[in-house]
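Undergrad: below are the sequence and a predicted model; questions follow.
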Amino acid sequence: MPKIFFILALICCSFGAIGQEFRCNVSVSSSRIEGTYKQVFESMRTDIYEFMNNRKWSDNVFTTDERIECTIFIQITEQVSSDEFKGTMQVQLNRPVFNASYDSPLLNIKDNDLQFRYVEFQPMEFDETSNSNPLTNILAYYANVLLGFDYDTYSPLGGSAYFQKARDIVNRSQNAREKGWRAFEGNFNRFWLIENLTNKAYGPFRELLYRYHRLGLDVMAEKPDIGRSEIADALKNMQRVYRAKPDTYVNRIFFDAKSDELVNVFSKGSTDEKGRVMVILTECDPSNAGKYEKILDQKVF
């Protein structure tokens, strides 16, 4: 009998250790849609939440505390038919900082090409060999992008396998009716995001993710000067990418996520360090040049 209890306990512990990857908050807004059955949007939110949080996206083991924090906000802007919708999708990803009660913003993307079919009470299924379901196709694409970014911050180029999975989804979707999957449909869409992330020419950006977070932010609680210096040096990678091609998607998404954090980090730096960082930031992200002036004010916000 004791052996049976031991085996049952071991099985229970095993199931407890095999958690899914995401703790994904999902919101669906239908405020722009009038005169329709609103319950469908709550069902949509629930189904997307369960699809993201209950599906196993990798072969790795995640405990509950290790789940990746992310947010998906869908704004429905048009109901094309009873089961077809258009809108936008905001995807955000945060990463915890070691020895700190702070989550670093890692990704903040707005996808303006959302178009999909949704039938209430119909199971949401994803087929890795086809693009038969536009909604789960998009969700699976971003799930792999999120995993790729997260893994890149913990080991150099650690997210490669997930970025390749996202690229496979893009490749399978080239004949899709919906927009966002093809190069000619815009400079900042799903195609160009994964093109940048898998293009070796922009490899320095992905190397930056590891140095900035694992060697920079993660050591700042105990060695703030060393961590900040590593981040300052890692920013040279972003400068290399910018000088190779100024209008890359990765340049845009990096500063969309990091501009406020960069001000906070370097407001505490030395005069020399601030000067060197300001040169890089104002060159690579001129639209936020005014914001970066706060670094020189020596104020933390």
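TA: Thanks, I have it. Quantities reported herein were computed from a predicted structural model and do not represent experimental measurements.
Undergrad: in the stretch 1-150 of the chain, which spans are helices?
TA: Here the stretch 1-150 of the chain has its helices, by DSSP state H, counting those that start in this stretch, at 2-17, 39-54, 134-152.
Undergrad: would you single out the least confident of these?
TA: When the helices of the stretch 1-150 of the chain are compared on mean pLDDT, helix 2-17 scores lowest, with a mean of 36.
Undergrad: quick one: pLDDT of Lys299?
TA: On pLDDT, Lys299 comes in at 49.
Undergrad: Thr63 too?
TA: 89.
Undergrad: try Asn199
TA: Asn199 is assigned a predicted lDDT (pLDDT) of 97.
Undergrad: now it: how far from Lys245?
TA: Taking Cβ to Cβ, to the nearest Å as the measure, Asn199 and Lys245 are separated by 10 Å. For the C-beta atoms, the positions are set from N, CA and C on the backbone; glycine is no exception.
Undergrad: can you check Gly35 too?
TA: Counting by Cβ to Cβ - Gly35 and Lys245 are separated by 46 Å.
Undergrad: more crowded one of these two?
TA: Counted by other Cβ atoms under 10 Å, Gly35 and Lys245 do not tie: Lys245 has more neighbours, with 13 against 6.
Undergrad: what sits against the more buried one?
TA: 201-202 (Cβ atoms under 8 Å, 6 or more residues apart in numbering).
Undergrad: and what of Asn133?
TA: 116-117, 124-127.
Undergrad: of the residues you listed - the most surrounded one?
TA: Ranked by neighbour count (other Cβ under 10 Å), the contacts of Asn133 have Phe116 at the top, with 21 neighbours.
Undergrad: look up how far Lys179 lies from the nearest residue to that one once chain neighbours are set aside.
TA: Counting by Cβ to Cβ, 6 or more residues apart in numbering, the nearest residue to Phe116 once its immediate chain neighbours are dropped is Leu135, at 3.8 Å. Noted for Leu135: a distance of 14 Å to Lys179, by Cβ to Cβ.
Undergrad: higher neighbour count, the two?
TA: Neighbours were counted for Leu135 and for Lys179 using other Cβ under 10 Å; Leu135 has more, 21 against 15.
Undergrad: residue contacts, the more buried one?
TA: 48, 116-118, 124 are the contacts of Leu135 under Cβ under 8 Å, 6+ apart.
Undergrad: and of these, the nearest to Phe266?
TA: Ile48 (37.5 Å; Cβ to Cβ).
Undergrad: pretty sure the closest one contacts Ile72?
TA: Yes - using Cβ atoms under 8 Å, Ile48 is in contact with Ile72, at 6.8 Å.
Undergrad: please name the nearest non-neighbouring residue to Lys274.
TA: Ile295 (5.4 Å).
Undergrad: how close does the one you found get to Leu93?
TA: Counting by Cβ to Cβ, the gap from Ile295 to Leu93 is 25 Å.
Undergrad: more neighbours, the two?
TA: More crowded of Ile295 and Leu93, by other Cβ under 10 Å: Leu93, with 25 against 22.
Undergrad: quick one, what contacts the closest residue to the more buried one other than its chain neighbours?
TA: In this structure, Leu93 finds its nearest non-sequential neighbour in Leu107, 3.9 Å apart by Cβ to Cβ, 6+ apart. Residues near Leu107 by Cβ under 8 Å, 6+ apart: 91-93, 145-146, 149, 253, 257.
Undergrad: what does Thr71 give?
TA: Thr71 neighbours (Cβ under 8 Å, 6+ apart): 24-27, 90-93.
Undergrad: got it, and Thr282?
TA: Neighbouring residues of Thr282 by Cβ under 8 Å, 6+ apart: 289, 292.
Undergrad: wait, a helix at it?
TA: Yes - the assignment for Thr282 by DSSP: H, G, I helix; E, B strand; the rest coil puts it in a helix.
Undergrad: against Ala161, how distant is it?
TA: Counting by Cβ to Cβ, the gap from Thr282 to Ala161 is 36 Å.
Undergrad: how about Asn144?
TA: With distances taken as Cβ to Cβ, Asn144 is found 9 Å from Ala161.
Undergrad: between these two, which one's more packed in?
TA: Per other Cβ under 10 Å, whichever of Asn144 and Ala161 has more neighbours is Asn144, with 23 against 14.
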